[in-house]
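Q: Could you work out the structure for the sequence below:
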Amino acid sequence: MDHLLTYVFAVVGVVVPVVAFSWEFILSGRKRLGYRVQVNDLVRASADSAEEAAQLGVLQQLLPKKGDDGAKPAKLGDMSIVLLKIENNGWTEIGHEDYRHSDGANSGITFRFPGRTVAGVALTAPSRSMKSVLRDHTSGVKTDLEGSDGLIVLPRFALGREDSYKIMAVLRRHPDVPKHGDELPLPEVDGGIRRGKAIRTESRTRMSTPYAALVTLLVAVVVVQFVTGLITPHTDPMDCEAGRLSLTGSTAIEKVMQDSAARYQQRCPGAHIDATGFKSSNDGLQRLDSGKPADPATQLAFTDGLNTDHPALVARPIAFVLFTPVINPEVTGVESLSRQQIADLYAGRYLNWRELGGPDLPVRLVGRHRSSGSRSAFEHEILEGDQPPDNSVDCHAGAAAPEPPRCEADTTADLLTLVARTPGAIGYSEVATAAADSRIRVIGVDGHRATRAEALAGAYHFGASEYAYSVGALPPDSLAAAFLRFLGFGEGKDILSKYGDAPCAELTDPVGCRPYR
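A: Numbers count the residues shown, from 1 in each chain. Reported below is the predicted structural model:
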């Protein structure tokens, strides 16, 4: 939906200017005759200077004499001056044949002055190419009277692009029309242009209303596109593939993969990723190897550490995942254990937490099944050997037991639940999942906490390289390949970092995917 909105606004941003340009300059503005009212003022009845007195004297000569044609005596205050500019403001020339008149008259355009009669008219200020035309056709300008309205009838002047001329007219109020203040009505126009129009233009210092509306619309489109860009996840097209994908494997990375899958599907609506099949590293590999899907690019299995028991599967390093010891909250006074102390605990050399500075509680050891990648990491990084077999179902044993009870859990969540409800219990878990569980306590190893910074500094050594397995090589345009790129180089890398994991590309040994060699 977000992508659709982006496309819609982008199309609007292109179509609106094109339509506006086409209307303005091709359809509507191809032939356009403009007229501008530059002056439309009453004549002052008195003069403040000799120059004004001389001008009024000239205008006085245009007043009808008392008794002429039965006209009533007129005053100088009834006189008005009008200056009109006629211009071709289209983008093609206007010929004689382009004029049209409402009454079919063989004339150009007619200006009507309501309530005023025309006392005199002159054509002036022609553009360079109009000078000869006006000189030859000045006699073609006519004046007339229709009721109480004076008329100026112009001939059909041919106008080239940007040609213009002006009409200077002296008018007087019709004797039968009462005076209404100093406001004078604007002239009216009769006639127009074929395949075009005649419009009143203005000399502006600000944008016209139609253009202001157009600019506002375009600005709104740009703003909406900008805001949409800010709130819409940006996706590299090569990382957005459609299809179906199933994820299985280690529960240590289950939460990370679920969040990454959800984010990828949000950015790529055509992708459908099932991240509900996590049980253990070996379980994921066995399901992938034995299932042999018709389309190998529809399944991925994730393991804690490299597994060489399935030669038909192809492994790709994803991130270095941190693990941490976890203890029951009743085991107080213990904040960190050395790797040797943890190995001795699981070897049965400590029976009571009191021996390690803790409370008087019997030690209970919780581990993972042999199919677990978390157990493999624990054996490799902490025990440097095999974890002893379990001797209990729930880690409870009688007081006479010769060694601490050991039990095993199927998943990370099961292990945390077992440690939380068993006083004196210790186990191990992927750090982000453990840190989010308030029922247990997270402790350090060799005085260092399981943090990304400590691991990158080489101070914390309890972790495992997380690998993604597929059946054979993946097509570059498959959803599985795109999802792995998303984890390694896209937004998925940030999700890995949020959970305390270190993407392989950021490590000292990116090929081996370890923060230390």
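Q: domain assignment for the chain?
A: 1-30+202-232, 31-200, 237-320+465-506, 322-463 (automatic domain parsing).
Q: Make a markdown table out of these and add mean neighbour count.
A: C-betas here are computed from N, CA, C, even on glycine. What follows is the domains of the chain, written out as a markdown table (neighbours: other CB atoms under 10 Å):
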| stretch | mean neighbour count |
| --- | --- |
| domain 1-30+202-232 | 12 |
| domain 31-200 | 16 |
| domain 237-320+465-506 | 20 |
| domain 322-463 | 19 |
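Q: So which of those domains is nearest residue 515?
A: domain 322-463 (4.9 Å; CB to CB).
Q: Local confidence estimate at the residue lying closest to residue 350 once chain neighbours are set aside?
A: Nearest-residue entry for residue 350: residue 363, 5.5 Å, with adjacent residues in sequence omitted and distances by CB to CB, 6 or more residues apart in numbering. Per-residue confidence at residue 363 stands at 96 (pLDDT).
Q: Residue 363 and residue 172, how far apart?
A: 119 Å (CB to CB, to the nearest Å).
Q: same check, this time on residue 376
A: 110 Å.
Q: Residue 454 too?
A: Following CB to CB, the distance that separates residue 454 from residue 172 is 99 Å.
Q: right, and the residue nearest to residue 350 touches residue 422 too?
A: No - the criterion here is CB atoms under 8 Å, and residue 363 misses it with residue 422 at 10.7 Å.
Q: Please enumerate the shared neighbours of the two.
A: When CB atoms under 8 Å, 6 or more residues apart in numbering defines a contact, no residue borders residue 363 and residue 422 alike.
Q: And the domains of the chain, which one averages the lowest pLDDT?
A: domain 1-30+202-232 - the lowest mean pLDDT of the domains of the chain, at a mean of 59.
Q: Now tabulate the domains of the chain in JSON lines and tack on distance to residue 514.
A: Below are those laid out as JSON lines (distance: least, CB to CB, whole Å):
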{"stretch": "domain 1-30+202-232", "distance to residue 514": "37"}
{"stretch": "domain 31-200", "distance to residue 514": "71"}
{"stretch": "domain 237-320+465-506", "distance to residue 514": "6"}
{"stretch": "domain 322-463", "distance to residue 514": "8"}
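Q: Out of these, flag the one nearest residue 512.
A: Per CB to CB, nearest to residue 512 of the domains of the chain: domain 237-320+465-506, 6.8 Å.
Q: from memory residue 406 sits against residue 363, does it?
A: No - Residue 406 is beyond contact range of residue 363, at 9.9 Å (criterion: CB under 8 Å).
Q: overlap in contacts of the two?
A: The contact lists of residue 406 and residue 363 share no entry, where a contact means CB under 8 Å, 6+ apart.
Q: Would you give the sheet partners of the biggest strand by length in the chain, along with the direction of each?
A: Among all segments of the chain classified by DSSP state E, the strand with the greatest residue count is strand 313-327. Partners of strand 313-327 in the sheet, by DSSP bridges, are strand 425-430 (antiparallel), strand 441-442 (antiparallel), strand 463-471 (antiparallel), strand 502-503 (antiparallel).
Q: Using TSV, lay out these together with distance to residue 511.
A: TSV is the format used below for the strands paired with strand 313-327 (distance: least, CB to CB, whole Å):
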stretch	distance to residue 511
strand 425-430	23
strand 441-442	30
strand 463-471	10
strand 502-503	13
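Q: The nearest residue to residue 489 once chain neighbours are set aside and residue 371, how far apart?
A: Sequence neighbours aside, residue 505 is the residue nearest to residue 489 in space, at 7.1 Å (criterion: CB to CB, 6+ apart). According to CB to CB, residue 505 and residue 371 sit 29 Å apart.
Q: List the contacts of residue 454.
A: 448, 460.
Q: Helix or strand: which one has it?
A: Applying DSSP states H and E as the criterion places residue 454 in helix 452-456.
Q: May I have that helix as PDB, with CA atoms only?
A: This file holds the C-alpha atoms of helix 452-456, laid out as PDB (Å, rounded to 0.1, in the frame of the first residue of the first chain):
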ATOM      1  CA  ARG A 452      28.700  -7.400  22.200                       C
ATOM      2  CA  ALA A 453      31.400  -4.900  23.200                       C
ATOM      3  CA  GLU A 454      33.100  -7.400  25.400                       C
ATOM      4  CA  ALA A 455      33.000 -10.100  22.700                       C
ATOM      5  CA  LEU A 456      34.400  -7.700  20.000                       C
END
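Q: distance between it and the chain's centre?
A: 35 Å (CA atoms, centre = their mean, to the nearest Å).
Q: likewise stretch 299-310?
A: Counting by CA atoms, centre = their mean, stretch 299-310 comes out at 39 Å from the chain centroid.
Q: all helices of the protein, in order?
A: 2-22, 50-60, 131-137, 209-231, 254-267, 281-291, 339-346, 373-378, 412-421, 431-435, 452-456, 479-489, 491-498 (DSSP state H).
Q: what's the angle from the longest strand of the chain to helix 254-267?
A: For strand 313-327 against helix 254-267, the angle by axes from the mean of the first three to the mean of the last three CA atoms, to 10 degrees is 120 degrees.
Q: Can I get strand 313-327 in CSV? Just the C-alpha atoms.
A: Output of strand 313-327 as CSV, limited to C-alpha atoms (Å, rounded to 0.1, in the frame of the first residue of the first chain):
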residue,chain,number,x,y,z
LEU,A,313,23.9,-29.0,2.7
VAL,A,314,25.6,-25.6,2.0
ALA,A,315,26.5,-23.5,5.1
ARG,A,316,26.8,-19.7,5.2
PRO,A,317,28.0,-17.8,8.3
ILE,A,318,25.4,-15.2,9.5
ALA,A,319,26.5,-13.8,12.9
PHE,A,320,28.3,-14.6,16.1
VAL,A,321,25.8,-15.4,18.8
LEU,A,322,26.6,-14.9,22.5
PHE,A,323,25.6,-17.3,25.3
THR,A,324,25.6,-16.8,29.1
PRO,A,325,25.3,-18.9,32.2
VAL,A,326,22.0,-18.4,34.0
ILE,A,327,21.1,-19.3,37.6
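Q: Return the distance of the spatially closest residue to residue 396 that is not a sequence neighbour relative to residue 353.
A: Computed as CB to CB, 6+ apart, the closest residue to residue 396 that is not its neighbour in sequence is residue 405, at 6.2 Å. Distance, residue 405 to residue 353, using CB to CB: 14 Å.
Q: Residue 385 contacts residue 376, doesn't it?
A: No - the pair residue 385 / residue 376 is not scored as a contact, 11.9 Å apart, by CB under 8 Å.
Q: before we move on, the earlier item: isn't the residue nearest to residue 396 right next to residue 392, touching?
A: Yes - using CB under 8 Å, residue 405 is in contact with residue 392, at 4.0 Å.
Q: where do the strands sit along the stretch 1-150 of the chain?
A: 32-42, 79-88, 99-100, 110-113, 116-124, 142-146, 149-153 (DSSP state E, counting those that start in this stretch).
Q: Tell me which of those lies nearest to residue 333.
A: Across the strands of the stretch 1-150 of the chain, closest to residue 333 is strand 32-42 (CB to CB), at 92.7 Å.
Q: Check the offset of the closest one from the chain's centre.
A: Put simply, strand 32-42 sits 47 Å off its chain's centre (CA atoms, centre = their mean).
Q: try stretch 182-189
A: Using CA atoms, centre = their mean, the offset of stretch 182-189 from its chain centre is 51 Å.
Q: Go ahead and name everything in contact with it.
A: Contacts for stretch 182-189 (CB under 8 Å, 6+ apart): 35, 37, 40-42, 80, 82, 84, 109-116, 198, 200.
Q: let's go with 7 Å and repeat that
A: 35, 37, 40, 42, 80, 82, 109, 111-115, 198 (CB atoms under 7 Å, 6 or more residues apart in numbering).
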